[in-house]
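Trainee: would you be able to build a 3D model of this:
(2 chains)
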Amino acid sequence: MKKMEREEFGAHSRRTFLKSLGTVAATAATAQVQSVAAEFEKANAEKTVGPGAVPVTLTVNGEKLSLMLEPRVTLLDALRNYSSLTGAKEGCDRAACGACTVLMDDLPIYSCQKLAIEAQGREITTIEGLAKNGKLSPVQQAFWDRDALQCGYCTPGFIMSVTALLKFNPRPTADEIKHACAGNLCRCGTHPHIIQAALQASGAKVTSKTEVINA
Amino acid sequence: MPSWPEQTKYISKSTLRIDAPPKVTGKARYSSDIQADGRLYGMILRSKWPAATISAINLEKALQVPGIKAAITAKDLPQTVRFYGEEIAAVCGTTKQACLDALRAIEVTAQPRPFVVLEDDAKKDDAPQVWDGKSNVSSSPRGSGEQGTVDQAFPECAAVIEGFYTTPVQLHNPMETHGNTVSWTDEGLTAWASTQAISASRDGFAGPLKLDHSQVRVITDFMGGGFGSKLNGSVEGVLAARLSREAKAPVRLMLTRFDEALAVGNRPSSFQKIKIGALADGTLHAFELDNYGTPGISGGDVDLPQPYIYKVPNSRVKQTHVAVNAGASRAFRAPPHPPASYAMESAMDDLAAKLGMDPLEFRLKNDSNEVRQREYKIGAEKIGWKEKYQKPGSSPSVVKTGLGCAGAAWGGGGASRNTQGEAQINPDGSIEFRLGVQDIGTGTKTVIAVVAAEMLGLKPEQITVKVGDTNFPPGPGSGGSTTCASISPTVFDICANALQQLQTQSGIADARGDNWFAACKKLGVTPLLVHGRWQQGDPGRPLSSSPAYGVQFAEVAVDTETGLVTVKKIVAVHDCGLIIDTLTLEGQINGGIIMGMGYALYEERVMDDLSGVVLNPNFETYKLSGIGDVPEIEITLLNMPERGVIGIGEPATIATAGAIANAVANAIGARVFSLPITPAKVLAALGKVPPFVKS
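Mentor: Numbering: from 1, shown residues only, chains lettered A, B, ... in the order given. As a prediction, this is how the structure comes out:
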């Protein structure tokens, strides 16, 4: 998986930025920030979009979606409410439950935390895009085989997280699966079956310890 | 008298969940996915005051927000608000964004009133009254009483312990929030409801909106969990209906995660002062409980079935309900067993320690139930009790390990005797079952297919199952672990009737299996519609019964420097009569354990006494068990066909918290008297930090 390098955060660390302020009085600093903000606004005036609806083109499951959206519309909202792709679910709308997980250029993201306009030019894959020609993907099939779902509301998110994991790590350990799914919540308590499903999808042998005693 | 077949092909085996394909492909349409033509979005404005009189609500500016189609007040004014989050107004519009803007534009004039949100504050004589002219405290005659002679019995005991065991308010937090898509026109009202009970949901629309039941149809194809909180009609549903009527369009109104923590139910708290004593031989002899807890503003039940699964000859119980300014409680998976089990099982271990007895031996001595006796022995073997059990606190090293166990019983409702259903058998041999129940994730649709396939000699995938529609024959709400025991005998009866009628119409003596298609072909052009209903069956070998038992063992590791508890393993031994589908049953038990683990270690609704608000109305601060927390779970199932079908959803969650709490106490040699068992409480129990006391 792509590692975010320290340098990518920019040439200035927080420490050097604070240092650069030096002995400048706080009031001066505030004035400076305001003037910089004004400069930015001027420079970007022609680039500003919204607040009204603007044309947005998304590439979802290999197909172009042309929509008119207010810039504040999230990718999740765009999928669920401006197209018929309701597979990604809204569980919290604040990056805590993972039910809205989709892939953006193969990386799993919370679609509730990505503005639709920001997702333009990226390859978005949703749960609806996994099965090909009516055949379930190996991860989907494994979720069915291991009964890795109950109410099923968190399931699309878990399947997307596991799908992303297997792209980068085809033979994960149970701990790596747990790590990959740490951002997904399930209230029905299906987790043990989800781990089994992910292992099965990776080709590992999975056995159940459940014993039935005929009494 | 009918009874279940002795030899089975599908029953008691593992059948893959029949509705998994739409769920794993995103094709399943949940109530929150319904995209009705011309649909609008609805949102609710909630009180930011824990208690207030709302004298005026100005909706003008909200109605001027572009895209807004209707705005209404929740009630006639003046409205008395009794908890933070109570509904005061609602809007609908063409986008979510417009609704957000409109909520901000609503002007509310309110006179805040004094409030109280903590149980101990609400008990004080001078506490603000949640309900005017009524004390916050009411003793429960039903939950109180005495048998034997308790005051005489305690001095006769060889060992007596006392403890003050407390449990928090727990939030249901299903992954799909509460809500509906509602279309109300002159023809009637249709609601796609995220509900556990389509019939109760229908009545919950019809009553407040003064509609005939026949004018309301509730549809629940897929819903995202409820755990007891979606058994009722709902304020948000009625608001959505009124918005739909006014805006002349379907309205989808789903609650936010924030709303979910405030107004749609919770498990009541408990504060249990327990005194319990045993004779020198370890026989329980005397028990006393003084318990109070809060169901929020409601008159909901906080009574606990103590001394739970144990028979104590001398027992006195006093229970008190305390009203506070917080959202009303609702049924929550196995109400009210988990808090009762946690406290009683903790007290059992504490008493065993004082007697110097092994807590498992102590249970076997005092629990006369034969099924649990057997389950304890199986569980002890699986977890290695004999080899691993050490006296409390004797685990060496910084990270201490411990073992604990606890038992459960769930009488529940057994089954709903009014459950009905029908099947349409077509001349081409296809067959569709229709039952007015709903699948909340437990595998209800799969159970219907398994039973039908078994009885008709077909394969489960040949059975079409339709549930979740009030136009179908009536069935119970998914509560009390009654669904499986209600529908299995009903499908049995439908199948028996179908075979009889097919025989009459086709002249083929046995239409099952290989003869099925030939028999159906003889129907000509008219499909056969067969009705059936729940049957008791042979009383000696009933089709369904009650109760279920079950025991669980926990193995934990406790870091005595950080206080962190890690559950390493849970061994669960359960019975539910005749097993229908082992695979989905296993899922139910995993789920019960993981939810019980959240109750033991992580979950607690926190109220702020100064502002009256819920401090953790989100998943960042209200912690559920995550996949990284989940321990190894080993399940053993006793299949007992002679008892018929019994539900499992609830018994599976009862014993977990008690077993974990006992394992923690066993590891560190000190009792944490309060759920959730947080690192801070563990360190306090070890005397490493002072206990948290509210000033």
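Trainee: report the mean confidence score over stretch B:185-198.
Mentor: What stretch B:185-198 shows for mean pLDDT is 97.
Trainee: enumerate every residue touching B:Asp121.
Mentor: Applying C-beta atoms under 8 Å, 6 or more residues apart in numbering or on different chains to B:Asp121 gives the contacts B:127, B:609. To be clear about C-beta, it is placed using only N, CA and C from the backbone, and glycine gets the same treatment.
Trainee: host element of it?
Mentor: Remark: B:Asp121 resides in helix B:119-122, with elements defined by DSSP states H and E.
Trainee: how about that helix: buried residues?
Mentor: By neighbour count on 16 or more other C-beta atoms under 10 Å in any protein chain shown, the buried set for helix B:119-122 is B:119, B:121-122.
Trainee: for B:Arg512, grab the count of nearby residues.
Mentor: 16 (other C-beta atoms under 10 Å in any protein chain shown).
Trainee: that should have said A:Ala174, apologies.
Mentor: For A:Ala174, the neighbour count with other C-beta under 10 Å is 14.
Trainee: distance of the closest residue to it other than its chain neighbours relative to B:Pro631?
Mentor: In this structure, A:Ala174 finds its nearest non-sequential neighbour in A:Ile195, 5.5 Å apart by C-beta to C-beta, 6 or more residues apart in numbering or on different chains. A:Ile195 sits 12 Å away from B:Pro631, taking C-beta to C-beta, to the nearest Å as the criterion.
Trainee: just B:Pro305 next, same as before
Mentor: Relative to B:Pro631, B:Pro305 is positioned 28 Å away (criterion: C-beta to C-beta).
Trainee: look at these two and report which has more neighbours.
Mentor: More crowded of B:Pro305 and B:Pro631, by other C-beta under 10 Å: B:Pro631, with 20 against 15.
Trainee: which among the buried residues of helix B:119-122 gets closest to chain A?
Mentor: Checking the buried residues of helix B:119-122 against chain A by C-beta to the nearest C-beta gives B:Glu119 as the nearest, at 26.1 Å.
Trainee: re earlier: you'd agree the residue nearest to A:Ala174 is in a helix?
Mentor: Yes. The assignment for A:Ile195, made by DSSP: H, G, I helix; E, B strand; the rest coil, places it in a helix.
Trainee: count the residues that sit near it.
Mentor: Residues lying near A:Ile195 (other C-beta under 10 Å) number 22.
Trainee: I figured it hits A:Ile177, correct?
Mentor: Yes. In this structure, A:Ile195 is within contact of A:Ile177 by C-beta atoms under 8 Å, at 5.4 Å.
Trainee: what sits in contact with each of those two?
Mentor: Between them, A:Ile195 and A:Ile177 share the contacting residues B:Ile627, judged by C-beta under 8 Å, 6+ apart.
Trainee: find the residue closest to the residue located most distally from the centre of chain B in space, skipping its chain neighbours.
Mentor: In chain B, counting by C-alpha atoms, centre = their mean, B:Gly507 sits farthest out from the average C-alpha position, at 47.8 Å. With C-beta to C-beta, 6+ apart as the measure, B:Lys522 is the residue that lies nearest to B:Gly507, at 7.0 Å, once sequence neighbours are left out.
Trainee: what separation do you get for B:Gln438 and B:Trp410?
Mentor: When distances are taken as C-beta to C-beta, B:Gln438 and B:Trp410 turn out to be 21 Å apart.
Trainee: between the two, which one's more packed in?
Mentor: B:Gln438 (33 against 25).
Trainee: my read is the more buried one is in a helix, agree?
Mentor: No. With the criterion set as three-state DSSP, the secondary structure at B:Gln438 is coil rather than a helix.
Trainee: show me what contacts the residue nearest to A:Ala174?
Mentor: Applying C-beta under 8 Å, 6+ apart, one finds that A:Ile195 lies in contact with A:174, A:177-178, B:627, B:630.
Trainee: ok, now B:Thr566?
Mentor: With contact taken as C-beta under 8 Å, 6+ apart, B:Thr566 is in contact with B:556-559, B:631.
Trainee: go with 10 Å
Mentor: By C-beta atoms under 10 Å, 6 or more residues apart in numbering or on different chains, the contact list for B:Thr566 reads B:399, B:401, B:555-559, B:601, B:629, B:631.
Trainee: pretty sure B:Thr166 is in a strand, no?
Mentor: Yes. According to three-state DSSP, B:Thr166 belongs to a strand.
Trainee: what is the burial count for the closest residue to it other than its chain neighbours?
Mentor: In space, B:Thr166 comes closest to B:Ser674 once its chain neighbours are excluded; the distance is 4.5 Å by C-beta to C-beta, 6+ apart. B:Ser674 sits with 21 neighbouring residues when counted by other C-beta under 10 Å.
Trainee: low pLDDT regions in the chain?
Mentor: In the absence of a named chain, chain A is used. Where chain A drops to pLDDT under 70, the residues are A:1-31, A:44-46.
Trainee: could you do chain B instead?
Mentor: Going by pLDDT under 70, which is the cut-off in play, chain B has low-confidence ranges at B:412-413, B:694-695.
Trainee: how about residue 170, nearest residue that isn't a chain neighbour?
Mentor: No chain was given, so I picked chain A. Using C-beta to C-beta, 6+ apart and skipping the chain neighbours, the partner closest in space to A:Pro170 is A:Ser202 (6.1 Å).
Trainee: wait, I meant chain B there
Mentor: B:Arg267 (4.0 Å).
Trainee: close enough to count as contact, that neighbour and B:Tyr342?
Mentor: No. Taking contacts as C-beta atoms under 10 Å, B:Arg267 lies outside contact range of B:Tyr342: 11.6 Å.
Trainee: between these two, which contacts overlap?
Mentor: Any residue near both B:Arg267 and B:Tyr342 by C-beta under 10 Å, 6+ apart counts here, and that gives B:167, B:599.
Trainee: now do the contacts for the residue nearest to A:Pro170.
Mentor: When contacts are counted by C-beta under 10 Å, 6+ apart, A:Ser202 touches A:138-139, A:142, A:162, A:165-166, A:169-173, A:176-177.
Trainee: quick one: which of those residues sit in helices?
Mentor: When helices are assigned by DSSP state H, the members of those inside them are A:138-139, A:142, A:162, A:165-166, A:176-177.
Trainee: break chain B into its domains for me.
Mentor: Chain B breaks down by automatic domain parsing into domains covering B:20-28+B:413-542, B:34-114+B:178-254, B:270-412+B:546-685.
Trainee: redo those domains as a markdown table? Include distance to B:Glu260.
Mentor: Putting the domains of chain B into a markdown table (distance: least, C-beta to C-beta, whole Å) gives the following:
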| stretch | distance to B:Glu260 |
| --- | --- |
| domain B:20-28+B:413-542 | 16 |
| domain B:34-114+B:178-254 | 7 |
| domain B:270-412+B:546-685 | 8 |
